[in-house]
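*Asks:* Give me a model of this one.
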Amino acid sequence: MRPPLRVAVVGLGVISRFYLAALRDAPDLRLVAVCDEDPRKAFALGVPGRTDHVRLLEEDRPDAVVVTVPNDVHHRICMDALERDVAVCVEKPLALTAAEGAELAAVAERRDVPLFTAFHRRYNAAVERLVRECAGAPVAEVTVRYLERIEEHAGDDGWYLDARRCGGGCVADNGPNAFDLVRLLLGPAEAVSARIERDAAGTDRRADIGLRAGAARARVLLDWSYPGECKDVAVRLADGRALRADMLGGHPGFKESLWHEYVGVLRAFARCVRGRAGYDGGLAALRFVEDAYRLEAA
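*Replies:* Model (predicted):
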């Protein structure tokens, strides 16, 4: 029996707690170190703590890293890990631009190191049921709604509302998760229309994006000013049947659905590192984001 993969977590912001909880229960993964620029976070978890991710990579020598830091430093930290042959699981988006994402993907391919983007919603139990229900049936239309008040979800991570650090706003940050669900149900898709509303600081707060995948159509609705939370997927099959997945159904607590989704993320990442499976839509999602912004400008 192979020993557990030695995993480090880089970035201890609002999402890291879901990874840390999933790591505690994962039989084939073991947390060996953490890193955060805030020493109060880095030294509080009972494992070696670092404030410099390069020092972590070179001294703790993990097999893999989970990268959950602000979007604008994804590229640098992922590149540093890949160049040291350390497998990467990075929170979406993979990077700020498709060019950055392509550079990471090229290094990962050249060095034969797994580069895995975490789209946690595809591991949601309701989404998995929906995918099974759609199996073998042609899909005519998909609508994904991702609606929330971002200030309630960001916690102390104020960078979400900094368009420069986030990469934009709801399109750059929530868009990849929503697009991944369209891709999961329809296969490769392209954005064909985009209406985006921004606040005075330039952060996009609402978006309505149309997509096409062959004869099928899709719509992604994003909102960072929604009073409450609504995240669901509606599917219309070619035979007229209507199906729906409520990603928050059965999870009444705030962010409660994320606990089981990140278990799925790490399970899929472990399979990817072990060479038994592979999935990465990180670069496709970045291109979707750039296409949406381009269509808005046009």
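*Asks:* and Gly214, how many neighbours does it have?
*Replies:* When neighbours are counted by other Cβ atoms under 10 Å, Gly214 registers 11. For glycine as for every other residue, the C-beta is placed from the backbone atoms N, C-alpha and C.
*Asks:* pLDDT score assigned to it?
*Replies:* Listed pLDDT for Gly214 reads 95.
*Asks:* where exactly do the strands run in the stretch 101-250 of the chain?
*Replies:* Assigned by DSSP state E, counting those that start in this stretch, the stretch 101-250 of the chain shows strands spanning 115-118, 139-149, 190-198, 204-213, 216-223, 225-237, 242-246.
*Asks:* what's the most buried one of the ones you listed?
*Replies:* The highest mean neighbour count among the strands of the stretch 101-250 of the chain, using mean count of other Cβ atoms under 10 Å, belongs to strand 115-118: a mean of 26.
*Asks:* So what are the sheet partners of that one and their directions?
*Replies:* strand 87-91 (parallel) (DSSP bridges).
*Asks:* what distance separates the partner strand from the centre of its chain?
*Replies:* Relative to the mean C-alpha coordinate of its chain, strand 87-91 is positioned 10 Å out (Cα atoms, centre = their mean, to the nearest Å).
*Asks:* same question, stretch 106-121
*Replies:* Put simply, stretch 106-121 sits 13 Å off its chain's centre (Cα atoms, centre = their mean).
*Asks:* what about it, how long is it end to end?
*Replies:* 26 Å (Cα to Cα, to the nearest Å).
*Asks:* Pull out the buried positions in that stretch.
*Replies:* The neighbour-count criterion (16 or more other Cβ atoms under 10 Å) identifies Val107, Ala108, Val113, Pro114, Leu115, Phe116, Thr117, Ala118, Phe119, His120, Arg121 as the buried residues of stretch 106-121.
*Asks:* cool, and stretch 83-94?
*Replies:* Val86, Ala87, Val88, Cys89, Val90, Glu91, Lys92, Pro93, Leu94.
*Asks:* Look up the closest residue to the first one, ignoring the ones flanking it.
*Replies:* Leaving aside its sequence neighbours, Val86 sits nearest to Val65 (Cβ to Cβ, 6 or more residues apart in numbering; 5.6 Å).
*Asks:* thought the one you found was touching Arg84?
*Replies:* No. Using Cβ atoms under 8 Å, Val65 is not in contact with Arg84, being 9.6 Å away.
*Asks:* Any regions of the chain where pLDDT drops low?
*Replies:* Residues of the chain meeting the criterion pLDDT under 70: 276-279.
*Asks:* Pick out the residue closest to the middle of it.
*Replies:* Lys92 (3.1 Å; Cα atoms, centre = their mean).
*Asks:* give me every residue that touches it.
*Replies:* Thr117, Ala118, Phe119, Asp173, Pro176, Asn177, Asp180, Gly282, Ala285 (Cβ atoms under 8 Å, 6 or more residues apart in numbering).
*Asks:* now with 6 Å?
*Replies:* Thr117, Phe119, Pro176 (Cβ atoms under 6 Å, 6 or more residues apart in numbering).
*Asks:* The spatially most distant residue from the centre of the chain: what's its closest spatial neighbour, skipping adjacent residues?
*Replies:* Within the chain, Asp239 marks the point farthest from the mean C-alpha position, 31.9 Å out by Cα atoms, centre = their mean. Take Asp239 and drop its neighbours on the chain: the residue closest to it by Cβ to Cβ, 6+ apart is Ala137, 6.9 Å away.
*Asks:* now the one you found: how far from Cys35?
*Replies:* According to Cβ to Cβ, to the nearest Å, Ala137 stands 45 Å off from Cys35.
*Asks:* Which of the two has more residues huddled nearby?
*Replies:* Neighbour comparison, Ala137 and Cys35: the larger count goes to Cys35, with 26 against 13 (by other Cβ under 10 Å).
*Asks:* Quick check: bridge partners of the more buried one?
*Replies:* Val10, Arg50.
*Asks:* Tell me if I'm right that it and Leu56 touch.
*Replies:* Yes. Counting by Cβ atoms under 6 Å, Cys35 does reach Leu56; the two are 4.8 Å apart.
*Asks:* Now do the shared contacts for the two.
*Replies:* Common neighbours of Cys35 and Leu56 (Cβ under 6 Å, 6+ apart) are Arg50.
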